[in-house]
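> task: produce atomic coordinates for the following.
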Amino acid sequence: MPQKTRDTMSRLEREGWKGKHGKGDHWNYKKDGVANIITIDVGEKEVDKNIYRRIARIAGWE
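Down below sits the predicted model:
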């Protein structure tokens, strides 16, 4: 179930997550009311399935 990095980032932004540059190729997403930060490596074309599962859990997609 690999997802494209840009699609994942777009969905987070549509749902109110605020993106900010991290170190290197990484972007950090934070949302008010959610304790966890989501980090995405934008240097990769697809998000690894295990990382995507973690993102989905934090974002409430599951």
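> quick one: the helices in the protein, in order.
Ranges of helices in the chain, per DSSP state H, are 5-14, 49-59.
> so which of those comes closest to residue 37?
helix 49-59 (8.5 Å; C-beta to C-beta). From N, CA and C alone the C-beta is placed, and that goes for glycine too.
> which positions within that closest one qualify as buried?
51-52, 55-56, 58-59 (16 or more other C-beta atoms under 10 Å).
> repeat for stretch 37-47
In stretch 37-47, counting by 16+ other C-beta under 10 Å, buried: 38, 40, 42, 47.
> bridging residues for residue 4?
residue 46 (DSSP bridges).
> does residue 59 touch residue 17 like I think?
Yes - contact criterion C-beta atoms under 8 Å: residue 59 and residue 17 qualify, at 7.3 Å.
> residue contacts, residue 16?
31-32 (C-beta atoms under 8 Å, 6 or more residues apart in numbering).
> before we move on, what about residue 45?
Counting by C-beta under 8 Å, 6+ apart, residue 45 has contacts 4-5.
> got a pLDDT number for it?
As predicted, residue 45 sits at a pLDDT of 94.
> quick one: low-confidence parts of this structure?
Along the chain, the model assigns pLDDT under 70 to residues 1-2.
> for it, list the residue farthest from the centre, please.
residue 33 (16.2 Å; C-alpha atoms, centre = their mean).
> look up phi and psi at it.
Dihedral pair for residue 33: phi 90, psi -10, per degrees, to the nearest 10.
> how much space separates it from residue 11?
18 Å (C-beta to C-beta, to the nearest Å).
> related to what we said a few turns ago, now for the buried residues of helix 49-59, which pair is the farthest apart?
51 and 59 (12.2 Å).
> surely residue 12 and residue 19 touch.
Yes - assessed by C-beta under 8 Å, residue 12 is found in contact with residue 19 at 7.2 Å.
> more neighbours: which of these two?
residue 12 (21 against 15; other C-beta atoms under 10 Å).
> the buried residues of stretch 37-47: which two are farthest apart?
Top of the distance list for those (C-beta to C-beta): 38 and 42, 12.4 Å.
> turn the helices of the chain into CSV, columns for distance to residue 24.
Converted to CSV, the helices of the chain look like this (distance: least, C-beta to C-beta, whole Å):
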stretch, distance to residue 24
helix 5-14, 14
helix 49-59, 16
